[in-house]
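Participant: The following block contains a protein sequence and its predicted model.
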Amino acid sequence: MTLLQPTRITHVDGSPIRALVVDDEASLSDLLQMTLRYEGWDVKTAADGQQALKVAREFRPDVVVLDIMMPNVDGMETLRRLRANGDDVAVLFLTAKDSVDDRVAGLTSGGDDYVTKPFSLEEVVARLRGLIRRTSLVLGDADSPELVVGDLVLNEETYEVRRGNTDISLTATEFELLRFLMRNPRRVLSKEQILDRVWSYDFGGRSSIVEIYISYLRKKLDPLGGPMIHTVRGVGYSIKPAR
């Protein structure tokens, strides 16, 4: 997987954000660790709640990605113990459960946000960046949350998109795809790169799904001012201002 440079956020003193990833699925922990390190963050992992509590005491993370369903000490109990120790670290719950009851239980137990598996890496990163930005300890490379390519503007905080003076309504997947393209203007992104960053880490479908969603975006963007997303045959896709 080839990763491309994102906009960085850091502590105000320039030191990296500290993130702790807690999941008993090693492949998933490794993938999240690699993704967050690419964001420029200092990342440690733990395979269970007991180990997570020990690492948290020593590492003092700014944010924790916490799986709910783990053997022995599960995510809910891990968070309860963190809070009992006076630790108010931001926590993003990560779980295969997606019922309303589970979501409510996670948030009312002291969690700050909730993502269900399978998930997009872009979504996890965006949620974590949102949690971090709520604190007074970080500084972004830019004051604006907006990505701009030509007359196309995407706001990463409000999830609003407009071209010129026209607002554009996108589905969650269309938004993530457009965001990835706009974070890398004029770069040619392969279907494999797009699948890795926009769709779930274990996505088993065909790469034709990328073509379908590129088509969806073009239908919404092109009528407002000409083509912006271009196909480089045999390589991938890029976005640049319309001529």
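Facilitator: That came through fine. In this text the structure is predicted, and so the values were computed from the model without any measurement. Residues are numbered from 1 along each chain as shown.

Participant: three-state assignment of the residue positioned nearest the centre of the chain?
Facilitator: With distances taken as CA atoms, centre = their mean, Val125 lies nearest the centre of the chain, 2.3 Å away. Of the three states, Val125 takes helix under DSSP: H, G, I helix; E, B strand; the rest coil.

Participant: Looks like it contacts Arg37 (just checking).
Facilitator: No. Using CB atoms under 8 Å, Val125 and Arg37 do not qualify as a contacting pair, with a distance of 11.5 Å. The C-beta positions use only the backbone N, C-alpha and C, and glycine is treated the same way.

Participant: all strands of this structure, in order?
Facilitator: With strands called from DSSP state E, the chain shows them at 9-11, 18-22, 42-46, 63-67, 90-95, 113-116, 138-140, 146-149, 152-155, 161-163, 166-168, 229-232, 236-239.

Participant: so where is this protein shaky, pLDDT-wise?
Facilitator: Where the chain drops to pLDDT under 70, the residues are 1-7, 12-13, 97-110, 134-144, 199-207.

Participant: switch to 50 and redo it
Facilitator: 1-6, 100, 136, 142, 201-203 (pLDDT under 50).

Participant: just the strands of the chain: most buried one?
Facilitator: Burial of those is given as mean neighbour count (mean count of other CB atoms under 10 Å); strand 63-67 ranks first at a mean of 27.

Participant: Okay, angle between that one and strand 90-95 too, please.
Facilitator: 20 degrees (axes from the mean of the first three to the mean of the last three CA atoms, to 10 degrees).
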